[in-house]
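[1] This is a predicted model, with the sequence first.
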Amino acid sequence: MNFDFRKFCKTFLFGQFLSLLLCGTGVTSGLLQKHGLNTPTAQCFLNYILLSVVYSSYLACRKETERPLMYIIKTQGWKYFLLALVDVEANFLVVKAYSYTTVTSVQVLDSFTIPSVMILSFIFLRVKYGLFHISGAVICLFGIGGLILSDVLTKNQTNNSQHDQMVLGDILCICGAVLYSISNVGEEYIVKKYARTEFLGMVGLFGSFISGIQVIIVERNGFNDVDFWTVEILLPWLLYTVCLFLLYSCMTIGIQYTSATAMNLAILSADFYALLVGVFVFNYTFHVLYFVAMAVIIGGIILYSLKPTESRDPLPVADEDNS
């Protein structure tokens, strides 16, 4: 069994940092929802702007031999537009889910990205999975099912309206997770074949355009009843943007050296951090099945990590440095 303990530890520690960032986005989203701000696209808009300012500017200044910005737009712009559209709507659905269910449920249900990424990686990236990987993913799915069931069982503790909202929130989160998996697989292909800066710059550029139009069309009235300049709104929004920007930037580094599946597994510990925050900040109560589901998911992660994946047709590694 080819278990690289040193690589596992590095991935795990890096995953803890990403998990804290992911937990930060969840907590700040929960705080914004708590104070009446329900504009999920606008909430992510600043992140795309920041990605565009930093990474699109870098692409614009590159030499012509390094795939500059205009060359990428002319030759593959429509592909990046579709990828950015998927990413924007994934963020929209997951942030919207915070309006209906708990921060912890969103964090755990977001792990549905893992089996989706595995399927797409097998089809498009030609990743070869063994028995350990498939079994680990199936176990994680059972854990996700347990979490959904725990939300259903909370009907005994809430009224029918609250229960229906929680189930709707779970559905939105799962749909968002599927879209995230598409974005993650596209991200892995790009950062390994071209460069991480290219993915971040193009998604930031097109994501700013798409989310800006969506805010104007769908969410332009969302600020009418909210005082944007209050500390309760402005501070969580800024913290959310910083956490999300760092998460996007650092996630590409992890994917470049491992895989989209491995990094999604590594950040599942965000669920534990979200649980702690949910208890102490949002005063959440949990059905005992929630903790059983968490244990099952962790068991699936460990089983998946026992053996590295192989590729049937390895992607060429990008020549660009790690900038």
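    Looks like it arrived, so ask away.

[2] Please count neighbours and contacts with C-alpha atoms only from this point.
    OK.

[3] how about low-confidence regions in the stretch 101-250 of the chain?
    The stretch 101-250 of the chain contains residues with pLDDT under 70 at 103-104, 107-108, 147-148, 151-164.

[4] for it, what spans make up the helices?
    For the stretch 101-250 of the chain, the helices defined by DSSP state H, counting those that start in this stretch occupy 103-109, 113-124, 131-153, 160-193, 196-218, 231-257.

[5] Check what contacts the fifth one and list those residues.
    If I follow you right, that is helix 196-218. 39, 41-42, 44-52, 54-59, 80-81, 83-85, 87-88, 187, 190-191, 248-249, 252-253, 256, 322-323 (C-alpha atoms under 8 Å, 6 or more residues apart in numbering).

[6] picking up where we left off before, out of the helices of the stretch 101-250 of the chain, deepest packed?
    helix 103-109 (a mean of 26; mean count of other C-alpha atoms under 10 Å).

[7] rewinding a little: of the helices of the stretch 101-250 of the chain, which is nearest K7?
    Smallest distance to K7 across the helices of the stretch 101-250 of the chain (C-alpha to C-alpha): 10.3 Å, for helix 231-257.

[8] Check which helices and strands that closest one sits against.
    Under the contact definition 3 or more C-alpha pairs under 8 Å, 6 or more residues apart in numbering; DSSP states H and E, helix 231-257 sits against helix 5-34, helix 40-51, helix 160-193, helix 196-218, helix 260-266.

[9] how far out from the middle of the chain is the shortest one?
    The gap between the average C-alpha position of helix 260-266 and the chain average comes to 11 Å, counting by C-alpha atoms, centre = their mean, to the nearest Å.

[10] Could I get the buried residue list for that helix?
    For helix 260-266, a neighbour-count test (16 or more other C-alpha atoms under 10 Å) marks A260, T261, A262, M263, N264, L265, A266 as buried.

[11] CA atoms only: put it into CSV for me.
    The C-alpha trace of helix 260-266 is given here as CSV (Å, rounded to 0.1, in the frame of the first residue of the first chain):
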residue,chain,number,x,y,z
ALA,A,260,-9.4,18.8,-6.8
THR,A,261,-10.7,15.7,-5.0
ALA,A,262,-7.9,15.6,-2.5
MET,A,263,-8.3,19.3,-1.7
ASN,A,264,-12.1,18.9,-1.2
LEU,A,265,-11.4,16.1,1.1
ALA,A,266,-8.8,18.1,3.0
